[in-house]
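Novice: build me a model:
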Amino acid sequence: MTAAPVLSRRALNRALLARQYLLARSDTPVPAAVTHLFGLQAQAPMPPYYALWARLEGFDPQDLSRLVVDRSAVRATTMRGTIHLMSAADFRLVRPMLQPVLDRLLVVNRPVDGLDVAAVADAGAALLDATAMTAKDLGAALAARWPAFGPGTLSMVVSCREPLVQVPPRGLWGRSGPPAFTTARAWLGAPLGDSDPAEVVRRYLAAYGPASVRDVQSWLGMTRLGPVVRGLRDELVVFRDGVGVELFDLPGAPRPDGDVPAPPRLLADFDTILLGHADRTRIITDEQRRRVFTINGQIRSTFTVDGFVHGIWRLDRGAVTFHPFAPVLAKARTALAAEAERVGAHTVAFEEPS
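Specialist: This is a model prediction of the structure:
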């Protein structure tokens, strides 16, 4: 049997950047880009917009807002039990297979012994079918019937057991609103169907490959996907990384040479590219990750130089400040300043590396 080709860290980096439209900006229309990227991390309202500014040529944030308003894209709890903005079709594809993830999240985070979880979920869904509510208001409404349990526990039961969608104006460009939810069936007009795990793996590889079984599982927040991936072996190509881990990919997906130039880019806080793999060293070192991922669950905005995370950046009232982890050469500074202008910066400053 022929040994699987080995892909270096730089080759994996360039493949990831190409899939993520970060090796060169794409002129792909916003709806198609959202579909290709298979979910934009959206725990805060604005990161999806900054994510597309880094990836698309001529991006207009109103184009993304319109997708949310017309319900062709949704903000909802999906991968790893976190809020993502994704196409409604992709939400239908992936959400059902994530139910075990959300069931586990509920058990780990809330005391539900003695609580009729199914009854709470049904009651909460009935309320949300009728009108969108915040978690606080939903919990308060349910507490009248289940006073022995905290409102936070009751609302979390509903959010974990029922497919919910966050409704606008939350998440719209230039607008603000509370994180209010309704049921997916009410928002999209029909209940969700069944997932196709094999298609989910294919879609993941299109946006993040080449990748290992552990990578797919880490991105979804699931386990036991080995049989699904192995079932696709005949239609995939197989590689190994520098330490021998088996990696799978779609045959026609881009895998540029590791020496292809990669332009500096600004990545949003919570940018999905930092969360797409179990082994994230193809984009960020373990030491850097400890500085970017905070103990309270935040993921700071980062910038890349030569395709890899090189520091943190912050936008504050039209001023962008770069906090590099290592020196930034003049050419890269010029490119980063131009990127800062794209996101509305009037002034740019570079701090000393630390």
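Novice: and the least confident helix or strand in the chain by mean pLDDT, what's buried?
Specialist: One helix or strand of the chain scores below all others by mean pLDDT, DSSP states H and E: helix 99-109, with a mean of 91. Residues 101, 102, 105, 106 are the ones in helix 99-109 that count as buried (16 or more other Cβ atoms under 10 Å). For the C-beta atoms, the positions are set from N, CA and C on the backbone; glycine is no exception.
Novice: likewise stretch 224-236?
Specialist: For stretch 224-236, using 16+ other Cβ under 10 Å, the buried residues are 225, 228, 229, 232, 236.
Novice: what about it, start to end distance?
Specialist: Using Cα to Cα, to the nearest Å, one end of stretch 224-236 lies 19 Å from the other.
Novice: list the contacts of it.
Specialist: 197, 198, 201, 202, 205, 213, 216, 217, 248, 249, 250, 251 (Cβ atoms under 8 Å, 6 or more residues apart in numbering).
Novice: could you check how far the second one is from residue 205?
Specialist: Going back to what we said before, that points to residue 198. 11 Å (Cβ to Cβ, to the nearest Å).
Novice: same question, residue 144
Specialist: In terms of Cβ to Cβ, residue 144 sits 47 Å off from residue 205.
Novice: could you export the contacts of stretch 224-236 as a markdown table, including secondary structure and neighbour count?
Specialist: Compiled in a markdown table, the contacts of stretch 224-236 are given as follows (DSSP: H, G, I helix; E, B strand; the rest coil; neighbours: other Cβ atoms under 10 Å):
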| residue | secondary structure | neighbour count |
| --- | --- | --- |
| 197 | helix | 21 |
| 198 | helix | 13 |
| 201 | helix | 23 |
| 202 | helix | 15 |
| 205 | helix | 24 |
| 213 | helix | 21 |
| 216 | helix | 25 |
| 217 | helix | 18 |
| 248 | strand | 24 |
| 249 | strand | 21 |
| 250 | coil | 19 |
| 251 | coil | 7 |
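Novice: can you redo these as JSON lines with distance to residue 89 and pLDDT?
Specialist: Shown next, in JSON lines, are the contacts of stretch 224-236 (distance: Cβ to Cβ, whole Å; pLDDT from 0 to 100):
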{"residue": "197", "distance to residue 89": "16", "pLDDT": "97"}
{"residue": "198", "distance to residue 89": "16", "pLDDT": "98"}
{"residue": "201", "distance to residue 89": "17", "pLDDT": "99"}
{"residue": "202", "distance to residue 89": "14", "pLDDT": "99"}
{"residue": "205", "distance to residue 89": "18", "pLDDT": "99"}
{"residue": "213", "distance to residue 89": "25", "pLDDT": "98"}
{"residue": "216", "distance to residue 89": "20", "pLDDT": "98"}
{"residue": "217", "distance to residue 89": "23", "pLDDT": "98"}
{"residue": "248", "distance to residue 89": "24", "pLDDT": "99"}
{"residue": "249", "distance to residue 89": "23", "pLDDT": "99"}
{"residue": "250", "distance to residue 89": "19", "pLDDT": "99"}
{"residue": "251", "distance to residue 89": "24", "pLDDT": "98"}
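Novice: how about those, which pair is most distant?
Specialist: Farthest-apart pair in the contacts of stretch 224-236 is 217 and 251; separation 22.3 Å (Cβ to Cβ).
Novice: show me what the strand or helix carrying residue 49 is packed up against.
Specialist: Taking DSSP states H and E as the definition, residue 49 sits inside helix 47-55. Contacts defined by 3 or more Cβ pairs under 8 Å, 6 or more residues apart in numbering; DSSP states H and E place helix 47-55 against helix 30-37, strand 40-41, helix 61-69, strand 265-267.
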